[in-house]
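Asker: Below are the sequence and a predicted model for it; my questions follow.
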There are 2 protein chains.
Amino acid sequence: MNIADQTFPAVDNANEDRAQAIRDQLRDAIVDRRLAPGTKLSEGEVGTLFDVSRTVARAALQMLSFEGLVRTERNRGAFVANPSPEEARQVFASRRLIEPGIAIAAAGRMTPAHVVAFKAQLDEEGRFIAERGPSARRSEIKASGDFHLLLASVAGNVILQRFMEELVARSSLVIALYGRSGVSSCGHSEHMNILEALENGNSERASALMLHHIDHIEADLDLRVRSGPALRQALEF
Amino acid sequence: MNIADQTFPAVDNANEDRAQAIRDQLRDAIVDRRLAPGTKLSEGEVGTLFDVSRTVARAALQMLSFEGLVRTERNRGAFVANPSPEEARQVFASRRLIEPGIAIAAAGRMTPAHVVAFKAQLDEEGRFIAERGPSARRSEIKASGDFHLLLASVAGNVILQRFMEELVARSSLVIALYGRSGVSSCGHSEHMNILEALENGNSERASALMLHHIDHIEADLDLRVRSGPALRQALEF
DNA sequence: CCAAAAAAGATTGCATACGATTTTTGCGGG
DNA sequence: CCCGCAAAAATCGTATGCAATCTTTTTTGG
């Protein structure tokens, strides 16, 4: 998979920052695996694709590098991140630490409008699971992450929300690399259970369910070091 | 306080990234309040001060903007962040959620070498408290934050560690703006108690002490909206 | 004398240029 | 046929220039 094979919707060049728009496009592409871990993202190529100068492309790549989605090597360029098993463990350890707390905070702030938003979210999730094809699979991955992001937004802490965005994106990379069954379809029912607890204002239960949910996601990974992880890394793939 | 009044140690222009070195210098200056919240950081000025082009200065400012230490407005420039009371609350809510867990993780990984490092850290902290003068006060603030960063590094999760760096830096800004007594000197003894619990491997106690410690820091803040916060913001001060 | 408009000045956003470093290619020797 | 080495190409790091935007000062009309 090469970045040159990708097509990106035209950037709605408003007064908004163009670099940010490019970052969002690239992040989406990374998160739903249209760009594989290890793919090289050269400044020139990105710039050409989005029709901006290298200056702007570089800024976008720098942003992604801060989020941990891209790794940059001096004088060599930027690559879609290739998280190690250790890094993967740390991503999930972070989520185990934070998300139960987020669930508690969210439980105390749920409004009927939130419930409606969650229901719509879960419906969409279910639709993509029912569908077939790689495109639906990608959408399913994204929707699954969006559930957690929606929860974070309900919790009402912008700082934690941004951090969760980073963690969810990185999780997606990790699952792409180490996932056994792609997406655990049991995740959907767990999401529904969590929503039910949230609806009832049962924060303790929501928190406990969330913790188990994260454990289940991580349990679906195969984090044993593969034959020659150094080699893998060296081969950039 | 103006950025032009500042002096910065020469950047050890190794093969290391120069933008990163500048970011570190600026971050230190912001964290120990040599640069006041609201101070304008123009690209040209920063570039001149560090003897680099605007390109590099701009990259450094972008990094700080990601960490939340600098706020950038399009076509207007970068300013040392001026966190709102709400933002301040969110910073401490995040710390309350994360640091007790970090304490638990650290308690399980303490080695004699770590204990030595902590003792040295606390000694330094104590020295600055004893000293007088604004310079010692600044060092005290920094040392107080460094305790928390040391703890995060012992916990062994790089992702959380980076996040803690952001939170500690932002806390420093918040304390600068809303702190009643500058630095609560009782913080030092609380740090010592936490270390004691860590040394004994009493993770539960370390976690509980940490939670109270954060509560105490936040309790020392005056987060009531001041007369005309909008005005304050509008006047950039 | 004051308010609004206009001009001048400063600063940012972005593109481009050039030297430095890395990677690839071409070629001769083993 | 394969390997090492030098030249060429590609890519990055950084400085600089120009247009666009914002700020400040000056001018002008009431």
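Answerer: That came through, no problem.
Asker: hey, let's count contacts and neighbours off CA atoms from now on
Answerer: Fine.
Asker: What is the neighbour count of A:L211?
Answerer: Number of residues near A:L211 (other Cα atoms under 10 Å in any protein chain shown) recorded here: 19.
Asker: ugh, wrong one, I meant A:H114
Answerer: Each residue near A:H114 was counted by other Cα under 10 Å, and the total is 17.
Asker: How about A:E131?
Answerer: Using other Cα under 10 Å, A:E131 is surrounded by 12 other residues.
Asker: just the one 3 residues further on next, same as before
Answerer: Around A:P134 sit 9 other residues, with neighbours defined as other Cα under 10 Å.
Asker: how about the strands of chain A, start to end?
Answerer: Chain-ordered strands for chain A, with DSSP state E as the definition, fall at A:40-41, A:70-73, A:77-80.
Asker: care to break chain A down by domain?
Answerer: Structural domains assigned to chain A are A:11-80, A:85-219, following automatic domain parsing.
Asker: Columns mean pLDDT and distance to B:R23 on top of these, output as CSV?
Answerer: Compiled in CSV, these are given as follows (pLDDT from 0 to 100; distance: least, Cα to Cα, whole Å):
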stretch, mean pLDDT, distance to B:R23
domain A:11-80, 92, 13
domain A:85-219, 94, 21
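Asker: B:E218: which of these is closest?
Answerer: With Cα to Cα, the closest approach to B:E218 among the domains of chain A belongs to domain A:85-219: 16.4 Å.
Asker: Near the nearest residue to A:G145 once chain neighbours are set aside, how many residues? Count them for me, please.
Answerer: When the adjacent residues along the chain are set aside, A:G145 lies closest to A:V168, with 6.1 Å between them (Cα to Cα, 6 or more residues apart in numbering or on different chains). When neighbours are defined as other Cα under 10 Å, A:V168 has 22 of them.
Asker: Distance-wise, check A:V168 relative to A:I217.
Answerer: 12 Å (Cα to Cα, to the nearest Å).
Asker: tell me, what residue is most central in chain A?
Answerer: A:A169 (2.2 Å; Cα atoms, centre = their mean).
Asker: pretty sure that one is touching A:D32, no?
Answerer: No. The pair A:A169 and A:D32 fails to qualify as a contact (Cα atoms under 8 Å) at a distance of 9.1 Å.
Asker: Which residues of chain A lie near chain B?
Answerer: A:59, A:63, A:66, A:90-91, A:94, A:97-98, A:101, A:157-160, A:163 (Cα under 8 Å from any Cα of the partner chain).
Asker: Let me have the residues you listed in TSV, extended by neighbour count and distance to B:H148.
Answerer: What follows is the residues of chain A next to chain B, written out as TSV (neighbours: other Cα atoms under 10 Å in any protein chain shown; distance: Cα to Cα, whole Å):
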residue	neighbour count	distance to B:H148
A:A59	20	31
A:M63	20	26
A:F66	15	22
A:Q90	18	19
A:V91	23	20
A:S94	21	17
A:L97	18	17
A:I98	19	18
A:G101	25	20
A:N157	20	21
A:V158	17	22
A:I159	16	18
A:L160	23	18
A:F163	18	19
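Asker: Taking the residues you listed together, which two end up most distant?
Answerer: Among the residues of chain A next to chain B, the pair separated by the greatest distance (Cα to Cα) is A:A59 and A:G101, at 33.3 Å.
Asker: give me the number of residues near A:N75?
Answerer: As a burial measure, the neighbour count of A:N75 was computed by other Cα under 10 Å and equals 6.
Asker: Could I get the phi/psi values of it?
Answerer: Note on A:N75: backbone dihedrals following degrees, to the nearest 10 are phi 60, psi 10.
Asker: I'd like to know how far it sits from A:E43.
Answerer: In this structure, A:N75 and A:E43 are separated by 11 Å, where distance is defined by Cα to Cα.
Asker: do A:E190 as well
Answerer: For A:E190, the distance to A:E43 (Cα to Cα) stands at 41 Å.
Asker: which one of the two has more residues nearby?
Answerer: Relative neighbour count places A:E43 above the other of A:E190 and A:E43, with 20 against 17, counting by other Cα under 10 Å.
Asker: OK, contacts around the more buried one?
Answerer: Taking Cα atoms under 8 Å, 6 or more residues apart in numbering or on different chains as the definition of contact, the neighbours of A:E43 are A:54, A:57-58, A:61, A:77-78.
Asker: try 7 Å this time
Answerer: Each residue near A:E43 by Cα atoms under 7 Å, 6 or more residues apart in numbering or on different chains is listed here: A:54, A:57-58.
Asker: now do A:S65
Answerer: A:71-72.
Asker: Please apply the same query to A:F118.
Answerer: A:F118 sits next to no residue when contact means Cα under 7 Å, 6+ apart.
Asker: Tell me the one among the contacts of A:E43 nearest to DNA strand C.
Answerer: For DNA strand C, the nearest member of the contacts of A:E43 is A:R54. The distance, counting by Cα to the nearest atom of the strand, is 4.8 Å.
Asker: so the closest one sits right up against A:S42, yeah?
Answerer: No. Counting by Cα atoms under 7 Å, A:R54 stays clear of A:S42, with 9.3 Å between them.
Asker: Cool, thanks, signing off.
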